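A.B. asks: structure for this input, please:
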Amino acid sequence: MKPTLLLCGLAASFLLAAHAERPPNWDPALAGDIVMRRLVNVSAPQVKGAHDAEFVCVGERAYVVAEANDVKAGESAEWPFIYATMSIVNLRTLAVEKIIDFAKSQQVFANETLPEGACFVPRILQKDARTLRCYFTSESPGKRQSQMWYRDFDLERGEFLPTIHKAKLQIASGKFDFQPRYLHADAAGQGFTKKACDSACFIFDSFKWFDGTLYVALNNFSGKQNAFARVHDDLETFEVLGHFNEPQSQQLSESAVNRLPDGTWMAICRNDLGNYHFTTSRDGKTWSTATEVPQVPNGANSKPTFDQFAGVYYLGWQEATRIQGVSRSVFNVDISRDGQSWERKYRFETPKSFQYPTFHEHEGVIWLCATQGDHDPSRKERIMFGKLEDTGAFEAQAGQPRIEWPAPLPDPPAVMKAGVKLFLDREYAIAEVPELVRDLPFHRTSIERLEVTVAHSGTLFALSPTLRPKAASQEGALRQAGFTKVDTPETQLFPGEINRVSLYRKDAKAGERLSFSKMVVLIPAEGAQLAIPAEAGQ
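C.D. replies: From the prediction side, this is the model:
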């Protein structure tokens, strides 16, 4: 059967009645609450931002790797102060026994010195009885190619070796350093048409063994690329078997892969244009055009998971529903014995967010880690770790209450200063502002579109990305609306080179109507007042 036909069959099968896996009256949301109550923070006390963790369990300990920083909440490949760190957790007590930072910008090793840049998206694998191998990328977007490195940890001595080494990427044309340009070149040879990017090329999914061979999904997040790879015995070389990027009209990335009972590979892919897409392959080389499936009707753009424990598949996906308006605050875990008919086992609902989880089984217990936070709009503030379940068990729910989350605090006033939320439909917060508009109130609205009427005449400032490739600059539309560019240095409004903004100004007249596409922020001053047109608020 062709992969495209198989996927259509799988989509149809999601509509079938699920197998009788769950106990009667099982409450997935309560199950999620029970798990969240026992999670512990494994990030260091000084950490302000943390994300994208992975772990392995060996003996009585879990070794959790994550990206972290001590400066501010959130994460970005453009922040050189992000480092890779490992937390060693006792599985009996959940005490954090030790935290070791193992890679940071410009760190000097016995054989190499890292260049300036973020140490990003770490991954971990047990190499042998004595050694853990920890992977990470060194990132500096727009300045150089990112590079995947690895550093080994000696379990007996409890310390990292003093050297680091470059991971390799084997593609059709040969073996190269693990860099985004080579992954892109291989995909381009198979019809991939999106532009090459120099950053964010990662080992993404968890490592998985099938028939004695180790596999993993690769991802170039910036370039919206996905690949399926076989890991060579040296645990240094990643051989690209196939690419799954269709349809290219979507923005697919960050996939999780598993193998169905009939041997077919299936991947669930994040989609930055909307809902998750699924693709299948008979051989890992040729993949079907990805499509949505009914079982995942309302997915958000975030990392999925796809695991199998004791013969049961666990499919994890972020729902777009928001708890108290918080992004990534609902995460579902569905289970199946055949990879076709599914039912809900866990629903994690929390205004602290529940994002980028990872699940692993060890000695009859499934453990997990996830990113959470309290205050920053990103909720990327710490890594939580704990027990999901005794493998395959349904924990008793009788007498267990749901978590009652306190009512949310109102959004801080829309004032031009660091840390303030910028948009109604995104979690971005202000990093820097031009001095001329510092502490002035601004018009908080959608990042995608802005429509206002000038209610009172006065000075009106506007911020929009400076003209550069991929920036959502509205300079032309602003000039057409009568704005002129202010002679002041551009400012990093929020993280990302494309979000460096210029300042514009006009004398606005009462009754004027202004409409802009992504991305403009309006700042009234000197008497100006804005109102939303009646039809825009419907």
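A.B. asks: for Val35, grab phi and psi.
C.D. replies: phi -70, psi -50 (degrees, to the nearest 10).
A.B. asks: so it makes contact with Gly386?
C.D. replies: Yes - counting by Cβ atoms under 8 Å, Gly386 is a contact partner of Val35 at 7.0 Å. Backbone N, C-alpha and C define where each C-beta goes, glycine included.
A.B. asks: now Arg92: which helix or strand?
C.D. replies: Using DSSP states H and E, Arg92 sits within no helix or strand.
A.B. asks: quick check: pLDDT value at it.
C.D. replies: You'll see Arg92 listed with a pLDDT of 97.
A.B. asks: tell me, what's touching Val35 and Gly386 both at once?
C.D. replies: Residues within reach of Val35 and of Gly386 at once, by Cβ atoms under 8 Å, 6 or more residues apart in numbering, are Leu368.
A.B. asks: which residues of this structure fall in helices?
C.D. replies: 3-13, 28-37, 180-188, 475-480 (DSSP state H).
A.B. asks: quick one: low-confidence parts of this structure?
C.D. replies: When residues are selected by pLDDT under 70, those of the chain lie in 1-20, 411, 533-538.
A.B. asks: please name the bridge partners of the closest residue to Phe306 other than its chain neighbours.
C.D. replies: Ranked by Cβ to Cβ, 6 or more residues apart in numbering and with sequence neighbours excluded, the top spatial neighbour of Phe306 is Ala256, at 3.9 Å. Counting by DSSP bridges, Ala256 forms beta bridges with Ile268.
A.B. asks: OK, contacts around Ala256?
C.D. replies: Per Cβ under 8 Å, 6+ apart, neighbours of Ala256: Asp205, Ser206, Ala217, Ala267, Ile268, Lys303, Pro304, Thr305, Phe306, Asp307, Gly316.
A.B. asks: Leu522 reaches Thr459, doesn't it?
C.D. replies: No - Leu522 sits out of contact with Thr459 when judged by Cβ under 8 Å, with a separation of 11.3 Å.
A.B. asks: out of those two, which sits in the more crowded spot?
C.D. replies: Leu522 (23 against 14; other Cβ atoms under 10 Å).
A.B. asks: show me what the more buried one is bridged to.
C.D. replies: Under the criterion used here (DSSP bridges), Leu522 is bridged to Ala462.
A.B. asks: how close does it sit to Ala414?
C.D. replies: 10 Å (Cβ to Cβ, to the nearest Å).
A.B. asks: ditto for Leu440
C.D. replies: Taken as Cβ to Cβ, the span from Leu440 to Ala414 is 10 Å.
A.B. asks: quick one: which of these two has more around it?
C.D. replies: With neighbours defined as other Cβ under 10 Å, Leu440 and Ala414 compare such that Ala414 has more, 19 against 16.
A.B. asks: now do the contacts for the nearest residue to that one once chain neighbours are set aside.
C.D. replies: Counting by Cβ to Cβ, 6+ apart, Ala414 lies nearest to Arg444, which is 4.0 Å off, once chain neighbours are set aside. Residues in contact with Arg444 (Cβ under 8 Å, 6+ apart) are Asp411, Ala414, Lys421, Leu422, Phe423, Leu424.
A.B. asks: quick one, which of these are buried?
C.D. replies: Ala414, Lys421, Leu422, Phe423 (16 or more other Cβ atoms under 10 Å).
A.B. asks: can you put those in TSV and add distance to Thr484?
C.D. replies: As requested, the buried ones among the contacts of Arg444 are exported to TSV (distance: Cβ to Cβ, whole Å):
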residue	distance to Thr484
Ala414	24
Lys421	28
Leu422	23
Phe423	25
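A.B. asks: which neighbours do Leu522 and Ala414 share?
C.D. replies: If you check Leu522 and Ala414 against Cβ under 8 Å, 6+ apart, the residues they both contact are Phe442, His443.
A.B. asks: what's the end-to-end length of stretch 321-338?
C.D. replies: This stretch, stretch 321-338, spans 27 Å end to end (Cα to Cα, to the nearest Å).
A.B. asks: mind listing what's buried in that stretch?
C.D. replies: So for stretch 321-338, counting by 16+ other Cβ under 10 Å, buried means Ile323, Val326, Ser327, Arg328, Ser329, Val330, Phe331, Asn332, Val333, Asp334, Ile335, Ser336.
A.B. asks: hmm, back to that, let's see if you can find the most crowded of the contacts of Ala256.
C.D. replies: Asp205 (29 neighbours).
A.B. asks: all set, thanks.
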